[in-house]
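# got a sequence here, can you build the structure:
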Amino acid sequence: MRASKLHGAGNDFLLLDGSLEPPEERLPGLVARLCHRRLGVGADGVLLVTPCGDHEARVAYWNSDGSLATFCANGTRCAARFASLRWGWADMRLHTGFGTVPARVDAREVELALPAPAAVHPWQELLAAGEKVRARYLVVGVPHLVVPVRWPDFGDRSLGPLAPALRAHPDLPPGGANVTFVRVGEGALHARSFERGVEGETLSCGSGDVASALVAVAEGWLDPPIRVITASGRELLVTPDGMAPSCPVRLAGPAEWVADLDIAPELLA
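Predicted coordinates for the structure are as follows:
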């Protein structure tokens, strides 16, 4: 198997060319092995990118635990960069479980035009791990819980046990949500995310950053476009196209190429 490794703001993925690699039904059993940080290549997820027309491709995404996900924003940005180098596309349409997403690639920079969130819930108070937090639930392809905090040690604080308790909180819809903690500072939104399917912190969660930026605009914390500083230190730019939080949005930032890989047969056996 041939794969490429890319990352979007530190959110790392293995990408496969669907026109060359094993059929989609074989992948779920391989994903967890491929993504293992010690026994495999190591990644937050796997994307299968299959061309299906002129400047169009279908994108399927699996979390590192092998579960199929509807959407991954950073993964889709990496899929666009992958398609741009594989097939020479600068502008394209990527078909995801969240809908058809137009993408534009300029060197390492990739911008997606995303649909409006499928659901936006009002603020709610949740008791988790002995703490009471105020949070807002949005579905940006996949469900997200946005949690504003004022931690002075924002970048260093452990997210456990609070994040896992919120991720599977009984007051959330079935399946729980990704959890993004946010703090406003220096004219930007700082974000840290705990993702389901990874069941841990990732260095960035693109759709969580979109959800957080939409809430920040709606609440008047910052004026758009919103600079989101991820846990990797890389910056994403979120631009609402309408009245936040229930509007389409553009997400832009780096999608960086790490390696092209030959996956050994014994890992796949």
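# contacting residues around stretch 191-203?
Applying C-beta atoms under 8 Å, 6 or more residues apart in numbering, the contact partners of stretch 191-203 are 7, 9-12, 44-45, 63-65, 67, 69, 154-155, 159, 163-164, 166-167, 175-182, 204-205, 208-209, 212, 228-232, 234. All C-beta atoms are positioned from the backbone trio N, CA, C, and that covers glycine.
# give the buried residues for it.
Of the residues in stretch 191-203, 191-198, 201-203 count as buried by neighbour count, 16 or more other C-beta atoms under 10 Å.
# now do that stretch: distance from first to last residue.
Stretch 191-203 has an end-to-end distance of 9 Å (criterion: C-alpha to C-alpha, to the nearest Å).
# distance between it and the chain's centre?
The gap between the average C-alpha position of stretch 191-203 and the chain average comes to 9 Å, counting by C-alpha atoms, centre = their mean, to the nearest Å.
# same deal with stretch 231-242?
Put simply, stretch 231-242 sits 12 Å off its chain's centre (C-alpha atoms, centre = their mean).
# and if you look at stretch 86-99?
The mean C-alpha position of stretch 86-99 is separated from the chain mean by 16 Å, C-alpha atoms, centre = their mean.
# OK, contacts around Leu16?
Under the contact definition (C-beta under 8 Å, 6+ apart), the residues listed for Leu16 are 1-3, 27, 46-49.
# write the ChimeraX selection for whichever of the residues you listed are buried.
Buried subset of these, written as a ChimeraX selection, criterion 16+ other C-beta under 10 Å:
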select :1,3,27,46,47,48,49
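# filter the contacts of Leu16 down to the ones in strands?
2-3, 46-49 (DSSP state E).
# can you give me the helices for the stretch 51-200 of the chain?
73-87, 162-167 (DSSP state H, counting those that start in this stretch).
# adding distance to Val238, write those helices out as CSV.
Supplementary listing: the helices of the stretch 51-200 of the chain in CSV, determined by distance: least, C-beta to C-beta, whole Å:
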stretch, distance to Val238
helix 73-87, 10
helix 162-167, 22
